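In: I would like to see how this sequence folds:
(chains A and B)
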Amino acid sequence: MSFGLIDILQSLIDGILFGSIYALIGLGFTLIFGAMEKLNMAYAASSIGGAYVGLGLATLFSLPLFLVFLIGPIAAGLISILVYLVSFRLIPSTNHLGSLMASIGALFFIDEVIIHETQGSPLTFPELGIFAEAYFMLGDLGFRGDLIFIMIFGLISMGVIIYLLYYTRLGLATRAVSQQNVAARLCGIPIHTINISTFVLAGILGGFAGCMAAASVGVISPLLTIPITIKGLIAAVIGGLGSIRGAIIAGLMIGGVENFFLLVRGVNERDIYVFLLLFVFLVLRPNGLFGNEINRD
Amino acid sequence: MEYYFGILQNIGFHTLLGLSAYLLLLTGQLSMAQVGFFAIGAYASGILTVIYGINIFLALGVGAIIASFFAFLVGFPALRIKGLMLVIATIAFSEIVRLYFFNLRWLVEKDGVEVGPDGAQGFREIRYFAANGWEPSHIVSFIWIVVILVLFALWWLDRVKAGSVLRAVGEDELAAQSSGINLTVVKVSAMTGGGFIAGIAGGLYAHSTTYVDHNSFTILLATFAVAYPILGGLKNVFGTLFAVIFIQGILIEGLRFLGDYRNLLFGLLIILVMNFYPKGLINIPIFNWSKLFKRRDL
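Out: Okay, here's the model as predicted:
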């Protein structure tokens, strides 16, 4: 196999652009972890679920296809509320294992509902309109329009989230709940409402990422859930759980590494190197790129 | 009869997997790596009997030792990370192992046929039992002798000091450390022990199904492995056994008439148990005979 510098650069660019999907999912994991110090394993499943609901409703009522990208995120937000209610609301906050297991249960439940409803076969997903056809050339390097759009969307949502968290009353309350749960409750902060709003925010982001992932691949399938869950988690961990910019940067990095090894070692082996990258980080820098030096459990 | 033997075998492997996760959960480590050790045990002992023609007992033992060696290696980095990070790291480990076997091609010609792991095609013809005239009933008995031995060993562990040490680490690491328990030794040995049990289970699985491929070792199986002890409860080993019989025997085999609605039940069951019996099914009143028949205090 021979490839030049241009091939490597091109595959890195494609990978980094596609990594924006991992970045968005990682952002959702990190957001929920930052608010509750818990992992919502069902997060990517509810994102894909939202995309399915959007596609299903749009086909059922023959709506214009761009509405999929509107209904999908809203549906994902609603599914996230359900996940919160069944996996986090009733389980005491000290029982970390309990809500982790319950959200894994929710992950498989959502996945199985999708498989049951679609008989397990992938569905075609509408493309991103004008963005899908756009293709920019810069010298010998090409940039896919739809992926650039996703990346810009990811950066904007990062900005919006940082604004919400650090410059609004809602953000103040969220940070208070995450730092001192009991004290926040004593101050009269409705912690469940705050947590639900975090879940909805993350869910809407995830729903958008799910729609984008499906649109850029062209099909949607329940098989997407587990890989996106794992890559999103890795992005969140490498970026440092709880760090917003970390998740974005790590997501883009994972996309780049993945596509580089796709070029060098082929499709069967590329994921091994992504996981090895995670191990390198866990051993050398367990707190991630931007994680706090707190010993979190 | 063959059908019931199949179910019994299946319950056997899943019990062993669940017990290997149980041992780690006693020390408070939630590990999704058990399926990785299971896969290592399956491939290693399969390769030993098929390619090198070694006796099954020796092959199982060596497979388990190789699996526990990898568990030992995973145990060390796992010391630096705990809780949720350990879950993610062990998921990554299991996926690395699965992808390694997905890419592993090691074909050897034996009696004119190519045998050995063949990448995505899987590892076929692990026919030690059939070639040596084992009846299905012998295989089932062999598997269950191993299961009962492991059950007894872990039950006995709770009766001696080592069990209390494990549970002390699981309850409160800081307190355990300050009473002079060496966390490194305890955690790494729990990991190694868990890897050993999962390795034996993998070897048994490979030989009784005669065929393994990378699809047998997914994250779903890893979830099952940790779900059994958590659903059953960590009070004693019988919780795990009960959860395996409940899920594999009743939910998956007994409710066959429900068709693919059964798959929905697994996720739902985890959610329900975690919400209503966070300490496990073993705490449902029907299992506490003594409490149920105790005289009411009036």
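In: residues contacting the closest residue to residue B:228 other than its chain neighbours?
Out: Nearest non-adjacent residue to residue B:228, counting by C-beta to C-beta, 6 or more residues apart in numbering or on different chains: residue B:18, 3.2 Å away. (Each C-beta comes from the backbone N, C-alpha and C, glycine too.) Residue B:18 sits next to B:224, B:225, B:228, B:229, B:232, B:240, B:241, B:243, B:244 when contact means C-beta atoms under 8 Å, 6 or more residues apart in numbering or on different chains.
In: 10 Å instead, please
Out: By C-beta atoms under 10 Å, 6 or more residues apart in numbering or on different chains, the residues touching residue B:18 are B:25, B:34, B:197-198, B:201, B:224-232, B:237, B:239-241, B:243-244, B:247-248.
In: and it, what helix or strand is that in?
Out: Assessed by DSSP states H and E, residue B:18 sits inside helix B:2-26.
In: what's the offset of that helix from the middle of its chain?
Out: Chain-centre distance of helix B:2-26: 6 Å, with C-alpha atoms, centre = their mean, to the nearest Å.
In: could you point out which element follows it?
Out: By DSSP H and E, the next helix or strand past helix B:2-26 is helix B:34-50.
In: can you give me the mean pLDDT across that following helix?
Out: Here helix B:34-50 scores 93 as its mean pLDDT.
In: so does that helix get close to chain A?
Out: No: contact of helix B:34-50 with chain A is not found when judged by C-beta under 10 Å from any C-beta of the partner chain; the minimum separation is 11.0 Å.
In: what about the helix or strand following that helix, near chain A?
Out: Sequence order places helix B:56-80 as the next helix or strand after helix B:34-50, per DSSP H and E. Yes: using C-beta under 10 Å from any C-beta, helix B:56-80 comes into contact with chain A via B:74, B:76, B:77, B:78, B:80.
In: okay, now the second one: neighbour count?
Out: Close neighbours of residue B:76, defined as other C-beta atoms under 10 Å in any protein chain shown, add up to 13.
In: Test my guess that it contacts residue B:185.
Out: No: if you go by C-beta atoms under 10 Å, residue B:76 and residue B:185 don't touch, sitting 11.7 Å apart.
In: For these two, list the residues in contact with both.
Out: Joint contacts of residue B:76 and residue B:185 (C-beta under 10 Å, 6+ apart) do not exist.
In: Next one: residue A:197 from residue A:232, what distance?
Out: Counting by C-beta to C-beta, to the nearest Å, the gap from residue A:197 to residue A:232 is 21 Å.
In: And these two? Which one has more around it.
Out: Using other C-beta under 10 Å as the criterion, residue A:197 and residue A:232 rank with residue A:232 on top: 28 against 17.
In: Phi and psi next, for the nearest residue to that one once chain neighbours are set aside.
Out: Leaving out its chain neighbours, the residue that sits closest to residue A:232 by C-beta to C-beta, 6+ apart is residue A:25, at 3.1 Å. Dihedral angles of residue A:25 (phi, psi; degrees, to the nearest 10) stand at phi -70, psi -40.
In: give me the number of residues near residue A:25?
Out: Other residues close to residue A:25 by other C-beta under 10 Å number 30.
In: quick one: pLDDT of it?
Out: pLDDT, residue A:25: 92.
In: can you pull the contacts of it?
Out: By C-beta under 10 Å, 6+ apart, the neighbours of residue A:25 are A:43-44, A:47-48, A:202, A:205-206, A:209-210, A:213, A:228-233, A:235-236, A:247, A:251.
In: Which residues of the stretch 101-250 of chain A lie near chain B?
Out: A:101-113, A:115-116, A:119-120, A:226-227, A:229-230, A:233-234, A:236-237, A:241.
In: which of those count as buried?
Out: Neighbour-count burial (16 or more other C-beta atoms under 10 Å in any protein chain shown) applied to these gives A:101-113, A:115, A:226, A:229-230, A:233-234, A:236-237, A:241.
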